[in-house]
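**Q** how would this look folded up:
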Amino acid sequence: MSKKNVAVVMGGYSDEYKVSLKSGQLIFDSLDRELYNVYKVVVLKDEWYFLEDNGSKKPINKADFSADLGNGESLKFDACFNIIHGTPGENGSLQAYWDAVGQKYTGCDFYQSALTFNKKDTLAVLSKYGIPSAKSIYLRKGEAISDDEIVKQLGLPVFVKPNQSGSSLGISKVKEKSELNAAIEFAYKEDDEILIESALAGMEVSVGVLDYKGEVIVLGITEIVPDKEFFDYEAKYEGASQEITPARIDEETRKKVEEIAIKAYKSLGMSGFSRSEYIIVDGIPHMLEMNTNPGFSPASLLPQQAKIYGISIKDLCGNEVEKALLK
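**A** Numbering: from 1, shown residues only. Reported below is the predicted structural model:
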């Protein structure tokens, strides 16, 4: 049986590309070399390239996503392992392009990626399946709303966040009415649409869910204990929070969280890695958001959860590639 060519596709157009490169390296190192020839492909705003072992770059031909090796030779990939956080790998545009050129890839399809990258639409769809979330107000740039109206509808404190942004960029927690304007401006720097949500008081948990060997499983439930007010970019990527896996919750709550996390995954038609965030209020998990391409660097939650579940990184990544090859 000849080995399949697998490209680990990393990078991206947002500030998260640095995290993506670390995630990509872990996957590159972990895939079974007896089954696959593994290659690195980097997708950045200004260039897409195949990175050779010696560090030289070869351009990617966008007509069919092959690597142009020179001398009329090109390298085609049987599957792409998509580990781009943020755009274009987590908002559906890369998946739509791959569908158009007939390239197989890991993870969910373009529609699921686009939907889950939009926080408002995700929560709206999930509410139809009975999955609760915080009360919120949605605004587009240019729409006016008074501070009094926001406080009347949501109370204080509130979170102000960009509707579409990975990695907690542009989020603020607002405790005083006078801070609303600055927070709204800050969120609009990341996106033209924003969400203002009532702050739920409860434990925050992050739940890894994926389809593994034909079954949807919860990899683990991690309790997030921020050293700061909330789990922002710094807390997430610079270690300013404690992450406790498994979360310190009773059996009944654990079952409820697992049930809702699996239901959300299935309701959205997900596939591949996912990490959903919830706040548990009076024993009921309230959905904050769903990430379809969560961090996968050694410090990230998903690899930590897999370790506790007893699935090796090699098997976890190999399972993704096998599903992609069957598409």
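
**Q** Going by C-alpha atoms from here, please, whenever you check contacts or count neighbours.
**A** Will do.

**Q** before we move on, what SS does G318 have?
**A** Applying DSSP: H, G, I helix; E, B strand; the rest coil to G318 yields a three-state assignment of helix.

**Q** For it, list the residues it contacts.
**A** G318 makes contact with L31, D32 under the criterion C-alpha atoms under 8 Å, 6 or more residues apart in numbering.

**Q** can you check G220 too?
**A** When contacts are counted by C-alpha under 8 Å, 6+ apart, G220 touches V207, G208, V209, T245, P246, Q305, A306, I308, Y309.

**Q** Just the buried subset of those residues, written out for PyMOL, thanks.
**A** In PyMOL, a selection of the buried entries from the contacts of G220 looks like this (16 or more other C-alpha atoms under 10 Å):
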select buried, resi 207+208+209+245+246+305+306
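
**Q** Which of the contacts of G220 fall within strands?
**A** Within these, residues falling in strands by DSSP state E are V207, G208, V209.

**Q** would you list these in TSV and tack on distance to Q164 and pLDDT?
**A** Compiled in TSV, the ones in strands among the contacts of G220 are given as follows (distance: C-alpha to C-alpha, whole Å; pLDDT from 0 to 100):
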residue	distance to Q164	pLDDT
V207	20	97
G208	21	97
V209	21	97
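
**Q** returning to that earlier point: same list, the contacts of G220, but as CSV with distance to L326 please.
**A** Supplementary listing: the contacts of G220 in CSV, determined by distance: C-alpha to C-alpha, whole Å:
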residue, distance to L326
V207, 26
G208, 23
V209, 20
T245, 33
P246, 33
Q305, 26
A306, 23
I308, 28
Y309, 25
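
**Q** Show me which of the contacts of G220 is closest to M1.
**A** Nearest to M1 out of these is A306 (C-alpha to C-alpha; 29.3 Å).

**Q** quick one: that closest one and I221 touch, right?
**A** No - using C-alpha atoms under 8 Å, A306 is not in contact with I221, being 10.6 Å away.

**Q** Would you confirm that D211 belongs to a helix?
**A** No - using three-state DSSP, the secondary structure at D211 is strand, not a helix.

**Q** if I look at the closest residue to E197 other than its chain neighbours, how far off is V43?
**A** Nearest residue to E197, sequence neighbours excluded (C-alpha to C-alpha, 6 or more residues apart in numbering): S136, at 4.2 Å. Taking C-alpha to C-alpha, to the nearest Å as the measure, S136 falls 35 Å from V43.

**Q** At the geometric centre of this structure, which residue do we find?
**A** The residue at the geometric middle of the chain, judged as the C-alpha nearest the mean C-alpha position with C-alpha atoms, centre = their mean, is N291 (2.9 Å).

**Q** Could you tell me which helix of this structure is the longest one?
**A** When the chain is scanned for its longest helix (criterion: DSSP state H), the result is helix 251-267.

**Q** Could you export that helix as PDB, CA atoms only?
**A** Extracted as PDB, the C-alpha positions of helix 251-267 are listed here (Å, rounded to 0.1, in the frame of the first residue of the first chain):
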ATOM      1  CA  GLU A 251     -21.300  13.700  38.400                       C
ATOM      2  CA  GLU A 252     -24.700  15.100  37.600                       C
ATOM      3  CA  THR A 253     -23.400  18.400  36.300                       C
ATOM      4  CA  ARG A 254     -20.700  16.500  34.300                       C
ATOM      5  CA  LYS A 255     -23.300  14.400  32.600                       C
ATOM      6  CA  LYS A 256     -25.300  17.500  31.800                       C
ATOM      7  CA  VAL A 257     -22.300  19.300  30.300                       C
ATOM      8  CA  GLU A 258     -21.400  16.200  28.200                       C
ATOM      9  CA  GLU A 259     -24.900  15.800  27.000                       C
ATOM     10  CA  ILE A 260     -25.300  19.500  25.900                       C
ATOM     11  CA  ALA A 261     -21.800  19.600  24.300                       C
ATOM     12  CA  ILE A 262     -22.600  16.400  22.200                       C
ATOM     13  CA  LYS A 263     -26.000  17.800  21.300                       C
ATOM     14  CA  ALA A 264     -24.500  21.100  20.200                       C
ATOM     15  CA  TYR A 265     -21.900  19.300  18.100                       C
ATOM     16  CA  LYS A 266     -24.500  17.000  16.400                       C
ATOM     17  CA  SER A 267     -27.100  19.800  16.000                       C
END
